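A.B. asks: Have a look at this prediction, sequence included:
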Amino acid sequence: MSVRFVIPYWPTWSFLPPEQPTKSMSETALSIHDYAMLDDAECETRIRAARAALGKRCVILGHHYQRDEVFRHADFTGDSLKLSRLASQSDAEYIVFCGVHFMAEVADILSRPDQVAILPDLAAGCSMADMANLVAVERCWRELATVLDPESEVTPVTYINSAADLKAFCGRHGGIVCTSSNAQKILEWSFARRGKVLFFPDQHLGRNTGYRMGIPLEEMVTWDFGKPLGGLTEDEIRRARMILWAGFCSVHQMFRPEHIDRFLAQYPDTRVIVHPECSFEVCQKAQYIGSTEYILNTVRAAEPNTRWLVGTELNLVNRLAREVQPQGKSVHFLSPTVCMCSTMFRTDPQHLLWVLENLVEGHVVNRIEVPAAIAAEARGALENMLQVA
């Protein structure tokens, strides 16, 4: 199977580029420009030295989708919520999150007041999270109010892959946060409170989870945030149980049902496992659907000499393939086109080294600090999730 690489275009990230000073960066902090041309081998040696100098004062978190050159330095690896909770339970003063912006925000919200969350590259964002912003969601809420009473009829649910102010929005309106692993429990809680759910920013996680709960597709409508009333009629809104934001993950969006068909035609005994951010049509063809942790645990626990077609980010798939190969298991990437998560990929050894050596020198760069009022409301929505799930 031939593979070609595609690096998609993303909208310009709205935060300051890493070479510009942040408010927590002192006048004498080391500049990222001094690190940009270092080769990975030198970075590797100096990262290890900086980590040794910092000791338990610093914990490095590595999301599953990180490149290997960064992932290998992580003290904890996993999904974003798991990592934030582990960091908050550590003795570390500094939490260096090798992931994307919303993940570092969650780490800041859930961590202790004496802990500092840091993102190695402020340009590491999330295209899905960018598809829902507070202005658009508040406009949606106001427009829904022209058709029904959202405060009594609609529970807002935001995927954890969203900005802190959207989590705060859910906190203000009696809503909640979900992850890809607990979405069904969260939706059950939400429907027990109110008859409808506004689910954002990922339509596919909402649709796939709702369908598995027995909600017919015709009772799930898609809110196009670029159109008045989401492009829906008043009757469609009244009849809907789930109002799904028209957002998606650009990596998982690229997987197509025909990719599965072509692979199964050649290897009919293959087991197909995909992330619920994939489209409904792809998930319908998969035997297994779940979070990154679920995918890893399922393939690891499978009997030897099995073949797997995996629909999630490439770095995770490649690491898993190497890990289970000695057991005779074959793991394949679902798409013939490799579309890297370009924003997650921005965190490189050079930025990680820059952050760590600044900490050794007593400087904090790229601190992620959610304003107190937003953090308090967002924490309420996150605590609702933790209690439910």
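C.D. replies: In hand now; what should we look at? Predicted model, so just to flag it, every value in this text is computed and none were measured. Numbering: from 1, shown residues only.

A.B. asks: Contacts only, for the nearest residue to Phe76 once chain neighbours are set aside.
C.D. replies: Spatial nearest neighbour of Phe76, chain neighbours left out: Leu86 (4.7 Å); criterion: C-beta to C-beta, 6 or more residues apart in numbering. C-beta here means a position set from N, CA and C on the backbone, and glycine is covered the same way. Counting by C-beta atoms under 8 Å, 6 or more residues apart in numbering, Leu86 touches Leu61, Phe76, Gly78.

A.B. asks: confidence score at Leu86?
C.D. replies: Per-residue pLDDT puts Leu86 at 96.

A.B. asks: now do Cys170
C.D. replies: Looking at Cys170, its pLDDT reads 98.

A.B. asks: Poorly predicted segments of this structure, please.
C.D. replies: 1-27, 339-340 (pLDDT under 70).

A.B. asks: domain parsing for it?
C.D. replies: 4-125+344-370, 129-250, 252-339 (automatic domain parsing).

A.B. asks: all strands in the stretch 51-200 of the chain, in order from the N-terminus.
C.D. replies: Counting by DSSP state E, counting those that start in this stretch, the stretch 51-200 of the chain has strands at residues 58-63, 76-78, 94-98, 116-118, 154-159, 176-178, 196-200.

A.B. asks: Could you please name the strands the second one pairs with and the direction of each pair?
C.D. replies: The sheet places strand 76-78 alongside strand 58-63 (parallel), with pairing taken from DSSP bridges.

A.B. asks: contacting residues around the partner strand?
C.D. replies: Here strand 58-63 makes contact (C-beta under 8 Å, 6+ apart) with 51, 70-71, 73-80, 83-84, 86-87, 90, 92-100, 103, 107, 344, 352, 356, 359.

A.B. asks: tilt between it and strand 94-98?
C.D. replies: Going by axes from the mean of the first three to the mean of the last three C-alpha atoms, to 10 degrees, strand 58-63 is angled at 20 degrees with respect to strand 94-98.

A.B. asks: Take strand 58-63, keep the C-alpha atoms, and write them as CSV.
C.D. replies: Output in CSV follows, covering the C-alpha atoms of strand 58-63 (Å, rounded to 0.1, in the frame of the first residue of the first chain):
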residue,chain,number,x,y,z
CYS,A,58,9.3,19.2,37.1
VAL,A,59,7.0,16.6,35.5
ILE,A,60,6.7,16.1,31.7
LEU,A,61,3.4,14.9,30.2
GLY,A,62,3.4,13.2,26.8
HIS,A,63,0.1,12.8,24.9
